[in-house]
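Trainee: give the three-dimensional model of this entry:
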Amino acid sequence: MSKGKCIIFSAPSGSGKTTLVKHLLDQNDLNLAFSISATTRKKREGETEGVDYLFKTILEFQNLITNKELLEFEEVYENVFYGTLKREAEELLKTRNVIFDIDVHGGLKLKQYFKSKAISVFVKPPSVDELQRRLISRNKDTIESIQTRVLKAHKEISKGTDFDKIIVNDNLDTARLKAFNVVKKFILQ
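Mentor: Numbering: from 1, shown residues only. Below you'll find the predicted structure:
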């Protein structure tokens with residue numbers, strides 16, 4: 001039987017979701033563990049296997065799907081899959097609260113799976129133009145990839161109202177404080 005609660009953070013790419021999740025993980029009084037997603041995308045510079053993601057081949061990922069080892073999965077971009085490993089999440093939940101940094105559709109699926117044991121938080125950029133500027137300035141994606149992400153962001157932003165909470169990340173310090181307060185209140189319920 002799991003003791004922990006689930007904190008699900010979702011957002012369009014470039015909204016600052018990962019920055020907020022990392023901040024929350026540094027708050028010891030929240031007793032948070034990070035759910036490491038599996039993905040078929042290429043490792044970016046500075047990312048570490050088993051810390052940022054579990055990098056899989058498409059065949060390995062398809063085996064995870066076939067063997068029903070994922071709580072959820074999405075083909076976020078063509079041949080780029082992301083998913084949450086069931087065994088790892090359940091193991092973490094035995095002793096900790098678990099935070100998920102996950103795409104919008106995956107976040108909604110996890111909320112549906114965990115129900116009242118989870119809170120879903122949507123991180124919204126101040127505007128799509130600002131989102132595009134952030135994606136360009138982080139210098140990790142090709143122009144084509146950025147264009148794809150911006151187009152996808154329009155659809156994802158429309159799903160924000162399906163989440164329990166929305167945090168507009170127009171000021172990082174304010175967004176960090178709001179995220180902390182939302183998570184702390186949920187954990188103490």
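
Trainee: pLDDT wise, what is Ser2 at?
Mentor: You'll see Ser2 listed with a pLDDT of 60.

Trainee: give the closest residue to Val123 in space, chain neighbours not counted.
Mentor: Spatially, and ignoring its direct neighbours in sequence, Val123 is nearest to Ala11 (3.7 Å; Cβ to Cβ, 6 or more residues apart in numbering). For the C-beta atoms, the positions are set from N, CA and C on the backbone; glycine is no exception.

Trainee: run through the residues that contact that neighbour.
Mentor: By Cβ atoms under 8 Å, 6 or more residues apart in numbering, the contact set of Ala11 is 17, 104, 122-125, 156, 169.

Trainee: out of these, which sit inside helices?
Mentor: Those of the contacts of Ala11 mapping onto helices are 17, 104, 156, per DSSP state H.

Trainee: any low-confidence regions in the protein?
Mentor: Flagging of the chain using pLDDT under 70 yields the residue ranges 1-2.

Trainee: Thr40: neighbour count?
Mentor: 21 (other Cβ atoms under 10 Å).

Trainee: residues in contact with it?
Mentor: 55-58, 61, 79-81.

Trainee: now swap in Lys111 and tell me
Mentor: Per Cβ under 8 Å, 6+ apart, neighbours of Lys111: 8, 118, 120, 163-164.

Trainee: before we move on, what about Arg41?
Mentor: Contacts for Arg41 (Cβ under 8 Å, 6+ apart) come out as 53, 55, 77, 80, 82.

Trainee: what about the strands in the chain?
Mentor: 6-10, 32-35, 38-39, 54-55, 70-77, 80-85, 97-102, 118-124, 165-168 (DSSP state E).

Trainee: got a markdown table for those, with distance to Thr148 and mean neighbour count too?
Mentor: Listed next are the strands of the chain as a markdown table, based on distance: least, Cβ to Cβ, whole Å; neighbours: other Cβ atoms under 10 Å:
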| stretch | distance to Thr148 | mean neighbour count |
| --- | --- | --- |
| strand 6-10 | 18 | 25 |
| strand 32-35 | 25 | 20 |
| strand 38-39 | 16 | 20 |
| strand 54-55 | 20 | 17 |
| strand 70-77 | 6 | 19 |
| strand 80-85 | 10 | 21 |
| strand 97-102 | 18 | 24 |
| strand 118-124 | 19 | 23 |
| strand 165-168 | 23 | 19 |
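
Trainee: relative to Thr48, which of those is closest?
Mentor: strand 54-55 (9.9 Å; Cβ to Cβ).

Trainee: other residues contacting that closest one?
Mentor: 36-41, 43, 49, 85.

Trainee: distance to Lys111 added to the residues you listed, as CSV?
Mentor: CSV is the format used below for those (distance: Cβ to Cβ, whole Å):
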residue, distance to Lys111
Ile36, 19
Ser37, 16
Ala38, 19
Thr39, 20
Thr40, 24
Arg41, 23
Lys43, 28
Glu49, 28
Leu85, 17
